[in-house]
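Enquirer: Requesting a structural model of the entry that follows:
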Amino acid sequence: MALVQMETADDAVRIVRLDRPARLNALSIELAIELDEVLAAIAEDNLARVVVLTGNGRGFCSGLDLKDYGVVPNSEHLSVHRLASRSMGVYSQLTRRLRAIPQPVIAAVNGVAYGGGMCLAAAADLRIAGESAEFNATGIVNGLTSAEMGIGWILPRLIGAANSNDLLLTGRRIDAAEALRVGLVSRVVADTMLLDEALAMAATMARYSHHGIEATKQSLWVEQEISSLHAAIEFEDRNQLMAGFTDNLPEAIRAFDQGRTPRYLDEPRRDVFGGGG
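Expert: Numbers count the residues shown, from 1 in each chain. Model prediction:
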């Protein structure tokens, strides 16, 4: 039985649902592998522009399933250490995958986002929460480390070192209101409106240039690893120049003059490459 559901909301938006509701969508090896495969397939979908990631039932993701975490495929002849390392890679690969796919990912956090679930939410490009959402770094509570799946790198960049250290070192739980206050999420809505809000956000983004959305996601991640303002500006200048060679800006001007919504096709700019206006 599938542990991850993917549905097409429309031509441009894909909804991905973790589907182990009886376990509050806890992460097993099987679910993590399936989620990675679904995201990889979406990355190859040239019509998909935005992804909404959420959980079925009462929770977003309650973290690692400590009772039924599954078995890594092709584990024959692996030592305990190699098996453990490979298992960790199955989970941490999800952070890399969420970052690598060209489409922005909106995490619609319903209910608990604990441990690896909070890591999944943090690795998304945008996070909105239902009023019942709750966040917790469970690793430290369970005798492990809270730094997993890259959250020790991501979270301080999202909410600052003071708030990040507070969550990761104390293991305390925070509700949606505090998550909004510290900047972990950008919006909090009624639980019943969560998916509608995420889809409305996705629809707004999908109206923009496909190239522009992808390039912006790329820039937002890459520039976190650029060490100087000068280098960041040089990177942005080249990205913007590439976008400027499309017909999108002239189309925006035409649409404004004609009082209509622009249609961004990312086609070569006609007055530069094709002659004419």
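Enquirer: domain parsing for the protein?
Expert: 4-206, 210-274 (automatic domain parsing).
Enquirer: deepest of those domains, which one?
Expert: domain 4-206 (a mean of 19; mean count of other C-beta atoms under 10 Å). Where C-beta positions appear, they are placed from N, C-alpha and C, glycine not excepted.
Enquirer: before we move on, the earlier item: just send the domains of the chain back as TSV, with mean pLDDT too.
Expert: Below are the domains of the chain laid out as TSV (pLDDT from 0 to 100):
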stretch	mean pLDDT
domain 4-206	94
domain 210-274	93
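Enquirer: give the contact list for the most centrally placed residue in the chain.
Expert: The chain has Ala124 as the residue nearest its centroid, 1.9 Å off, counting by C-alpha atoms, centre = their mean. For Ala124, the contacting residues are 53, 98, 105-107, by C-beta atoms under 8 Å, 6 or more residues apart in numbering.
Enquirer: now do Ala190
Expert: Counted by C-beta under 8 Å, 6+ apart, Ala190 has contacts 130-131.
Enquirer: and if we set it to 6 Å?
Expert: Glu131 (C-beta atoms under 6 Å, 6 or more residues apart in numbering).
Enquirer: For Asn74, state which of the contacts of Ala124 is nearest.
Expert: Leu98 (23.9 Å; C-beta to C-beta).
Enquirer: about what we covered before: need the max-distance pair from the contacts of Ala124.
Expert: Largest pairwise distance in those, by C-beta to C-beta, is 11.1 Å, between Leu98 and Ile106.
Enquirer: Spit out the residues that contact the two alike.
Expert: By C-beta under 6 Å, 6+ apart, no residue touches both Leu98 and Ile106.
Enquirer: Report the separation between Met149 and Asp271.
Expert: 47 Å (C-beta to C-beta, to the nearest Å).
Enquirer: Report the spatially nearest residue to Asp191, omitting neighbours in sequence.
Expert: Nearest non-adjacent residue to Asp191, counting by C-beta to C-beta, 6 or more residues apart in numbering: Gly130, 3.9 Å away.
Enquirer: same check, this time on Leu27
Expert: Leu27 sits nearest to Gly116 (C-beta to C-beta, 6+ apart), 4.7 Å away.
Enquirer: Run through the residues that contact the one you found.
Expert: 27, 63-64, 91.
Enquirer: Helices - which of those residues land there?
Expert: Among these, the members found in helices (DSSP state H) are Tyr91.
Enquirer: Taking the contacts of Gly116, tell me the two that lie furthest apart.
Expert: Most distant of the contacts of Gly116, by C-beta to C-beta, are Gly63 and Tyr91, 9.9 Å apart.
Enquirer: Surely Glu7 is within a strand?
Expert: Yes - assessed by DSSP: H, G, I helix; E, B strand; the rest coil, Glu7 belongs to a strand.
Enquirer: and it, how far is that from Thr192?
Expert: Separation of Glu7 from Thr192 (C-beta to C-beta): 19 Å.
Enquirer: The stretch 151-277 of the chain: strands as residue ranges?
Expert: Along the stretch 151-277 of the chain, the stretches classed as strands by DSSP state E, counting those that start in this stretch are 174-175, 187-189.
Enquirer: Partner strands of the shortest one and their direction?
Expert: In the sheet, strand 174-175 lines up against strand 134-136 (antiparallel) (DSSP bridges).
Enquirer: Spit out the contact partners of Val51.
Expert: By C-beta under 6 Å, 6+ apart, the neighbours of Val51 are 14, 16, 42, 103, 105.
Enquirer: Setting aside sequence neighbours, what's the nearest residue to it?
Expert: Nearest residue to Val51, sequence neighbours excluded (C-beta to C-beta, 6+ apart): Val105, at 4.6 Å.
Enquirer: and what of Glu148?
Expert: Gly139 (5.6 Å).
Enquirer: Now do the one you found against Asn25, distance only.
Expert: For Gly139, the distance to Asn25 - C-beta to C-beta - is 18 Å.
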